[in-house]
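Enquirer: the sequence and its predicted three-dimensional model are supplied below.
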There are 2 protein chains.
Amino acid sequence: MIAQHPEREQILLENVLSALGNPLRLRIVRALADGGEQSCGVILDDVSKSTLTHHWKVLRDSGVIWQRPSGRENLLSLRRDDLDARFPGLLASVLAATRA
Amino acid sequence: MIAQHPEREQILLENVLSALGNPLRLRIVRALADGGEQSCGVILDDVSKSTLTHHWKVLRDSGVIWQRPSGRENLLSLRRDDLDARFPGLLASVLAATRA
DNA sequence: CGAACTGTTCGTCAACTTACGAACAGTCGT
DNA sequence: ACGACTGTTCGTAAGTTGACGAACAGTTCG
């Protein structure tokens, strides 16, 4: 029950933007952009596990990330291709802006 | 008491993204991008005046728009220069994506 | 098997968001 | 001065968000 990732065509700009409009999620996206596919636990900050699970869901539902189980871990990765296809240049400019 | 617009340097990516992460505000931004500076009332949809006032505030506080009084109207305009300076390419890709 | 580990689910909670109408405050034209 | 007009302020209300801990579920390894 990894939950439903939206199809590429179902990804909505407003959902992506509001998903990214949160400092913690922005950091997560940044980490995924830098580090490629990685497990949930790696990006652990000072927030609780259940809080992170909530943010994975927001990012997943909005179409920003893929989440797939692997052993006892859950691997996360950016849906770069899909985001670039739907909203060319958006992810790049967001990532560039966080790179400051 | 037109309220405080943030300085260019104070504009935060997360605030801009969450401001844009709303369908109504996205339409407003789109209208401003197309039509240049215009009065609040022009973009009136099916929403009430007080609701719009709320959205002007969100857009203003996040640094997405300028709002200035002119006679009995209140003129709105996109802070294109500031947004481009802070987050190059972001506004363009968002606008391009809404242009679909 | 059983302990350790990773992450989810559930219930809860405070804070924020989005929306509305009614009343108000300037401004413009007459 | 008066009415029409534009937008704000205020109070209210329903819904969403972001956070947490406790309990659970699946996987791995001794």
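Expert: Cool, the structure landed.

Enquirer: please make it C-alpha for all contacts and neighbour counts, starting now.
Expert: Fine.

Enquirer: how far is whichever helix or strand A:A85 is part of from where the chain is centred?
Expert: Assigned by DSSP states H and E, A:A85 belongs to helix A:80-86. Centre-to-centre, helix A:80-86 and its host chain are 12 Å apart (Cα atoms, centre = their mean, to the nearest Å).

Enquirer: and stretch A:82-96, by the same measure?
Expert: 13 Å.

Enquirer: likewise stretch A:7-24?
Expert: 9 Å.

Enquirer: can you check stretch A:25-36 too?
Expert: 7 Å.

Enquirer: for it, output the C-alpha coordinates as PDB.
Expert: Output in PDB follows, covering the C-alpha atoms of stretch A:25-36 (Å, rounded to 0.1, in the frame of the first residue of the first chain):
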ATOM      1  CA  ARG A  25       9.800  19.600   1.800                       C
ATOM      2  CA  LEU A  26      11.900  22.000  -0.100                       C
ATOM      3  CA  ARG A  27      14.900  20.600   1.800                       C
ATOM      4  CA  ILE A  28      13.800  17.100   1.000                       C
ATOM      5  CA  VAL A  29      13.600  17.800  -2.700                       C
ATOM      6  CA  ARG A  30      16.900  19.500  -2.600                       C
ATOM      7  CA  ALA A  31      18.500  16.400  -0.900                       C
ATOM      8  CA  LEU A  32      16.900  14.100  -3.500                       C
ATOM      9  CA  ALA A  33      18.100  16.300  -6.300                       C
ATOM     10  CA  ASP A  34      21.600  16.100  -5.000                       C
ATOM     11  CA  GLY A  35      21.700  12.600  -3.800                       C
ATOM     12  CA  GLY A  36      19.500  10.700  -6.200                       C
END
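
Enquirer: for it, give me every contacting residue.
Expert: Residues outside stretch A:25-36 that contact it (Cα atoms under 8 Å, 6 or more residues apart in numbering or on different chains) are A:A19, A:L20, A:Q38, A:I43, A:H55, A:L59, A:L76, A:S77, A:L78, A:L95, A:T98, B:E14.

Enquirer: check contacts around the fifth one.
Expert: Contacts for A:H55 were tallied using Cα under 8 Å, 6+ apart; they are A:R25.

Enquirer: in what helix or strand does it lie?
Expert: helix A:49-62.

Enquirer: pLDDT on that helix, on average?
Expert: In this model, helix A:49-62 carries a mean pLDDT of 97.

Enquirer: so is it next to DNA strand C?
Expert: Yes - Helix A:49-62 reaches DNA strand C (Cα under 7 Å from any atom of the strand) through A:K49, A:S50, A:L52, A:T53, A:H54, A:W56.

Enquirer: now, of those residues, which are buried?
Expert: Among those, those classed as buried by 16 or more other Cα atoms under 10 Å in any protein chain shown are A:L52, A:W56.

Enquirer: go through the residues of helix A:49-62 next to DNA strand C and name the one nearest DNA strand D.
Expert: A:S50 (4.4 Å; Cα to the nearest atom of the strand).
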